[in-house]
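Colleague: need a structure here:
(one chain, ligands or ions: 2)
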Amino acid sequence: MYTGLQHLHSYLAYLVLLGLLISIGAALVGLSGNRLFTDKDRKLGLFGLIATHLQIVFGLILYFVSPLGVSNFSGPNMKDSVSRLYMLEHPLMMVIAAILVTVGYSRAKRMVGNGTGGFKSIAIFYIIALVLILVRIPWVSWPGN
Ligand code: HEM
Ligand code: HEM
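Modeller: Ligands and ions are numbered 1, 2, ... in the order given. Coordinates of the predicted model:
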């Protein structure tokens, strides 16, 4: 169970980065073309949203199964930067990033057929989320060797 989840979470991370890049790229192209934000453009925003939501669900499960997750949470481990990353900083930052992606998508959804605002919402929120994700991915172990 643990190894399977660990691998799944590790592979899904590629999908999250790819999904966010596709959604961000599409939004920037739409924005630069000064086009109307349509339902098709909303669907391009789903790449980043679905991949991120899926990863959060498996990340949460992994957090209770992994020896690096909640079971490693203790005062002394707070002083260890790698322990702290896995038990606190990574989960917290990823949840914040997922909330930003969801807010960006929800705002865009309400702007379908209404100017370029949907592109802006996806571009801004997804880019900030992507930066937060990149800052707190455990690069010590990923993508591995
Ligand atoms: C956008 C969301 C997320 C991304 C892109 C992501 C990405 C990653 C990556 C790349 C690793 C390293 C995997 C490896 O060493 O092969 C990892 C490990 C881990 N993540 Fe996430 N993660 C996300 C969300 C979460 C959430 C929400 C939680 C917990 C609530 C979580 C808990 C963990 C844990 C406990 C590990 C260590 C697993 C182990 O090796 O035992 N992740 N994550
Ligand atoms: C921790 C679990 C989850 C939470 C808290 C969550 C939360 C949310 C929220 C608040 C929205 C609303 C966005 C809007 O305003 O339209 C949303 C939308 C969505 N979520 Fe999740 N989600 C979760 C898991 C998942 C999973 C596992 C999937 C599928 C892989 C998923 C797929 C979607 C999709 C496709 C939408 C967009 C629906 C639409 O077009 O309105 N979510 N989610």
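Colleague: from now on I want contacts and neighbour counts done on CA atoms only, so please keep to that.
Modeller: Fine.
Colleague: show me what from this protein comes close to ligand 1.
Modeller: 6, 10, 13, 16, 52, 55-56, 59-60, 62-63, 66-69, 86, 91, 94-95, 137-138, 141-142 (CA under 6 Å from any ligand atom).
Colleague: quick one: buried ones out of those residues?
Modeller: The neighbour count (16 or more other CA atoms under 10 Å) marks 6, 10, 13, 16, 52, 55-56, 59, 62-63, 66, 68-69, 86, 91, 94-95, 137 as buried among those.
Colleague: show me where this protein has helices.
Modeller: In the chain, the segments counted as helices under DSSP state H are 2-32, 39-65, 75-78, 81-84, 90-109, 117-135.
Colleague: gap between the two ends of stretch 103-123?
Modeller: 12 Å (CA to CA, to the nearest Å).
Colleague: before we move on, the earlier item: now the helices of the chain in JSON lines, with mean pLDDT?
Modeller: Listed next are those as JSON lines, based on pLDDT from 0 to 100:
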{"stretch": "helix 2-32", "mean pLDDT": "98"}
{"stretch": "helix 39-65", "mean pLDDT": "98"}
{"stretch": "helix 75-78", "mean pLDDT": "97"}
{"stretch": "helix 81-84", "mean pLDDT": "97"}
{"stretch": "helix 90-109", "mean pLDDT": "98"}
{"stretch": "helix 117-135", "mean pLDDT": "98"}
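Colleague: ok, and the closest non-adjacent residue to the residue nearest the centre of the chain?
Modeller: Central residue of the chain (CA atoms, centre = their mean): Thr52, 4.4 Å from the mean position. Closest residue to Thr52 apart from its sequence neighbours, by CA to CA, 6 or more residues apart in numbering: Val16 at 5.5 Å.
Colleague: can you tell me how far the one you found sits from ligand 2?
Modeller: For Val16, the distance to ligand 2 (CA to the nearest ligand atom, to the nearest Å) stands at 11 Å.
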